[in-house]
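Chemist: For reference, the sequence and a predicted model appear below.
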Number of protein chains: 2
Amino acid sequence: MGTKKIPEGTISRLFVYLREITALISVNIRTISSAELGNRVNLSDAQVRKDLGHFGQFGVSGSGYDTGELKAALERILGKDKTWNVAVVGIGHLGSALLAYPGFKQHKLSVVAAFDADTKKIGKKISGVVIDSIEDMPKIIKDKKISIGIVAVPSESAQEAAGKLVTAGVSCILNFAPTSLSVPDKVKVKDVDLSRELETLSYFLANKR
Amino acid sequence: MGTKKIPEGTISRLFVYLREITALISVNIRTISSAELGNRVNLSDAQVRKDLGHFGQFGVSGSGYDTGELKAALERILGKDKTWNVAVVGIGHLGSALLAYPGFKQHKLSVVAAFDADTKKIGKKISGVVIDSIEDMPKIIKDKKISIGIVAVPSESAQEAAGKLVTAGVSCILNFAPTSLSVPDKVKVKDVDLSRELETLSYFLANKR
């Protein structure tokens, strides 16, 4: 299906289409035209057709896309037709918040392991997940088929935590530490810098009338 | 200085320039050309000059920008020459993580108040901030000159929390609840949806070789 060369912008829009289609199905809408779908997500008819055209001719008819077929196709393309297992490293305030975060399940991500360097925390259970020792990481990552590691340790420990996750075999890292991680090319890192979200606010405050 | 009509893209890049200039100053670099600055942040010479040109002629000479002057000017433009006070509403795992988050101080934001609906939490101190009752919000927001409210409550309580923050007088809301908030036009809302950060990972996992 040649999904290798799809631009990042297209991928982001596919998630937008999937959310919209899911909402439409929940109100029993069975078909939608590309123009109408575009209209609902502030994109042109042409953009919608171009984006979906990357993936073949699914469910197009005179009356538009079949919403059920389109949803199934988008889920398959985006890897949302299965659940991915996740481990969190660093169970402080942020790690605990992530273990309790309801959004994971919605995105077909299942947090199945938690690791901390503090021996006093090991064996404790937070939001249903037992905290394990970092030494047991390689075995647990393998046994539980974990593909995503979340780094929620302080900056100074982040590279070490990432290195251990990579050695243990994860393919993706979501990094909450405000520092850059160095990993092999085959591993994907996504940085989440909460402070970046905040910085534009100061501009707004300084410039409001 | 006409900062009202500056495009959002320019504002984002000003923050990038400010970070780079701060790093240069820390290694005692006193001047930098627009080409060199652009090169360091992967932007063209012309883009740098255009962006900085919005704000007048600060510190340009034959040898480039004076890094000290440029830093001071950018801080002033971006509202980072003063500290803004912040309140967090909802002191569960996420709220507690935010109270402990080291990035705020770095961005000239000071968390000076915390609110929770749970009476058992009121009076407790987390990371140096006392948790107050939501009923006391109007007085505390006013007394402490708080301009930013962070919504860290569950989705079903988010609109109510936002409404109370607006009534109490905040100008900006950072919303961690995965739901849309309705606020008056003069209030700026920034949504932080942690699950959006995660969703592209499933595409990567589904399509890696």
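Modeler: Yes, it's here. Everything quoted here is computed from the prediction, not taken from an experiment. Residues are numbered from 1 along each chain as shown, chains lettered A, B, ... in the order given.
Chemist: List the buried residues of stretch A:67-77.
Modeler: Within stretch A:67-77, the residues scored as buried using 16 or more other CB atoms under 10 Å in any protein chain shown are A:Thr67, A:Leu70, A:Lys71, A:Ala73, A:Leu74, A:Glu75, A:Arg76, A:Ile77. Quick note: C-beta positions are derived from backbone N, CA and C, even for glycine.
Chemist: ok, now stretch A:116-123?
Modeler: Result for stretch A:116-123 [16+ other CB under 10 Å]: buried residues A:Asp116, A:Ala117, A:Lys121, A:Ile122.
Chemist: Using TSV, lay out those together with pLDDT and distance to A:Val48.
Modeler: Formatted as TSV, the buried residues of stretch A:116-123 follow (pLDDT from 0 to 100; distance: CB to CB, whole Å):
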residue	pLDDT	distance to A:Val48
A:Asp116	97	45
A:Ala117	94	48
A:Lys121	96	48
A:Ile122	96	50
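Chemist: restrict the buried residues of stretch A:67-77 to contacts with chain B.
Modeler: Counting by CB under 8 Å from any CB of the partner chain, A:Arg76, A:Ile77 from the buried residues of stretch A:67-77 sit close to chain B.
Chemist: dump the residue contacts of the spatially most central residue of chain A.
Modeler: Of all residues in chain A, the one closest to the mean position by CA atoms, centre = their mean is A:His107, 6.8 Å from it. A:His107 makes contacts with A:Lys80, B:Ser195, B:Leu198, B:Glu199, B:Ser202, as judged by CB atoms under 8 Å, 6 or more residues apart in numbering or on different chains.
Chemist: Output the longest helix belonging to chain A.
Modeler: In chain A, taking DSSP state H as the definition, the longest helix is helix A:8-26.
Chemist: So is that helix next to chain B?
Modeler: Yes - judged by CB under 8 Å from any CB, helix A:8-26 comes into contact with chain B through A:Ile11, A:Ser12, A:Leu14, A:Phe15.
Chemist: hang on, the first one packs against B:Phe204?
Modeler: No - with contacts counted by CB atoms under 8 Å, A:Ile11 stays clear of B:Phe204, the gap being 9.1 Å.
Chemist: which neighbours does the longest strand anywhere in chain A have in its sheet, and in what orientation?
Modeler: The longest strand of chain A (DSSP state E) is strand A:109-116. Paired neighbours of strand A:109-116 in the sheet (DSSP bridges): strand A:84-89 (parallel), strand A:129-133 (parallel).
Chemist: Tell me which helix or strand comes right after the first one.
Modeler: So the one you mean is strand A:84-89. Per DSSP states H and E, strand A:84-89 leads on to helix A:93-100 as the next helix or strand towards the C-terminus.
Chemist: again with the shortest one
Modeler: Scanning the chain past strand A:129-133 towards its C-terminal end, the next helix or strand to appear is helix A:137-143 (assignment: DSSP H and E).
Chemist: Return that following helix as PDB; C-alpha atoms alone will do.
Modeler: Extracted as PDB, the C-alpha positions of helix A:137-143 are listed here (Å, rounded to 0.1, in the frame of the first residue of the first chain):
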ATOM      1  CA  MET A 137      13.300  -4.000  32.500                       C
ATOM      2  CA  PRO A 138      14.900  -6.100  29.700                       C
ATOM      3  CA  LYS A 139      12.900  -9.200  30.700                       C
ATOM      4  CA  ILE A 140       9.600  -7.400  31.300                       C
ATOM      5  CA  ILE A 141       9.800  -5.400  28.100                       C
ATOM      6  CA  LYS A 142      10.300  -8.600  26.200                       C
ATOM      7  CA  ASP A 143       7.800 -10.700  28.000                       C
END
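Chemist: And it, what's buried?
Modeler: Buried residues in helix A:137-143, defined by neighbour count with 16+ other CB under 10 Å: A:Met137, A:Ile140, A:Ile141.
Chemist: distance of the second one from A:Arg196?
Modeler: I take that to be A:Ile140. 32 Å (CB to CB, to the nearest Å).
Chemist: can you list the domains in chain A?
Modeler: A:3-77, A:84-197 (automatic domain parsing).
Chemist: Can you pull out the low-pLDDT segments for chain A?
Modeler: Within chain A, the stretches with pLDDT under 70 are A:1-4, A:57-61, A:195, A:209.
Chemist: Are any of the contacts of A:His107 buried, and if so which?
Modeler: A:Lys80, B:Leu198, B:Glu199, B:Ser202.
Chemist: for those, which one is nearest A:Arg30?
Modeler: Within those, proximity to A:Arg30 (CB to CB) peaks at A:Lys80, which comes in at 20.8 Å.
Chemist: and which of the buried ones among the contacts of A:His107 is nearest B:Ser147?
Modeler: Nearest to B:Ser147 among the buried ones among the contacts of A:His107, with distances taken as CB to CB, is B:Leu198, at 30.3 Å.
Chemist: ok, the closest one touching A:Lys105?
Modeler: No - counting by CB under 8 Å, B:Leu198 stays clear of A:Lys105, with 11.1 Å between them.
Chemist: which residues sit in contact with the residue lying closest to A:Ala168 once chain neighbours are set aside?
Modeler: With sequence-adjacent residues excluded and distances taken as CB to CB, 6 or more residues apart in numbering or on different chains, A:Ala168 is closest to A:Ile141, at 3.8 Å. Applying CB under 8 Å, 6+ apart, we find A:Ile141 in contact with A:Ala87, A:Ala113, A:Gly149, A:Leu165, A:Ala168, A:Gly169, A:Val170.
Chemist: gap between the second one and chain B?
Modeler: To tie it back to what came earlier, the one meant is A:Ala113. According to CB to the nearest CB, to the nearest Å, A:Ala113 stands 16 Å off from chain B.
Chemist: cool, the last one as well?
Modeler: With the distance defined as CB to the nearest CB, A:Val170 ends up 10 Å from chain B.
Chemist: since we're on that residue, how many residues are nearby?
Modeler: 24 (other CB atoms under 10 Å in any protein chain shown).
Chemist: and the residue lying closest to it once chain neighbours are set aside, what helix or strand is that in?
Modeler: Excluding the flanking residues, the one nearest A:Val170 by CB to CB, 6+ apart is A:Gly149, at 4.2 Å. Per DSSP H and E, A:Gly149 falls inside strand A:146-151.
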